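> here is my input; please provide its structure:
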Amino acid sequence: GSLDMSTEIASLCDIQILSGDDSLTLPIMAVGGKGVISVLSNFAPELVKAIVDPALKGDYAAAGEAHRKAFKIVKTLFVEPNPQ
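Residues are numbered from 1 along each chain as shown. Just a heads-up that it's a prediction; the model follows:
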């Protein structure tokens with residue numbers, strides 16, 4: 001849940017980093033992350049794919065547009081803990 005931590009890990013280690021927080025997927029990918037372990041993908045996998053695929057190709061404009069579309073849904077999913 002920390003962009004700072006992800007950035008620090010990316011600068012110190014040669015490992016693949018995955019976001020564990022849907023709302024941080026795009027920012028973490030922007031600093032070198034490779035994807036997400038996602039809650040949103042259980043509800044709307046097409047939205048997660050619309051963020052991750054373009055980001056992996058360096059198309060942050062398209063990924064950002066999808067991120068903004070998904071953001072309200074992500075925040076709603078976590079109004080209560082454990083959104084299953």
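> residue 6 is in contact with residue 31, correct?
Yes: counting by C-beta atoms under 8 Å, residue 6 is a contact partner of residue 31 at 6.0 Å. In short, each C-beta sits where N, CA and C put it, glycine included.
> more neighbours: which of those two?
Legend: neighbour count by other C-beta atoms under 10 Å for residue 31 and residue 6, higher for residue 6 (23 against 15).
> which of the helices or strands spans the spatially closest residue to that one that is not a sequence neighbour?
The shortest distance from residue 6 to any non-neighbouring residue, by C-beta to C-beta, 6 or more residues apart in numbering, is to residue 28 (4.7 Å). Using DSSP states H and E, the element containing residue 28 is helix 25-30.
> remind me which residues of this protein are low pLDDT?
Along the chain, the parts satisfying pLDDT under 70 run over 82-84.
> list the contacts of the biggest helix by length in the chain.
With secondary structure taken from DSSP state H, the chain has its longest helix at helix 60-77. Helix 60-77 is touched from outside by 22-23, 25-26, 29-30, 39-40, 43-44, 47-48, 50-52, 54-55, 83, with contacts defined as C-beta atoms under 8 Å, 6 or more residues apart in numbering.
> residue contacts, the spatially most central residue of the chain?
Note on the chain: the residue nearest the mean C-alpha position is residue 25, at 1.2 Å, using C-alpha atoms, centre = their mean. Neighbour list for residue 25: 19, 33, 35, 36, 38, 48, 51, 52, 55, 67 [criterion: C-beta under 8 Å, 6+ apart].
> wait, the first one touches residue 32, no?
No: under the contact definition of C-beta under 8 Å, residue 19 does not touch residue 32, with a separation of 11.2 Å.
> how far away is the residue of the chain positioned farthest from its centre from residue 5?
In the chain, counting by C-alpha atoms, centre = their mean, residue 12 sits farthest out from the average C-alpha position, at 20.7 Å. Applying C-beta to C-beta, to the nearest Å, the value for residue 12 to residue 5 is 11 Å.
> any idea which element residue 47 lies in?
Per DSSP H and E, residue 47 falls inside helix 45-56.
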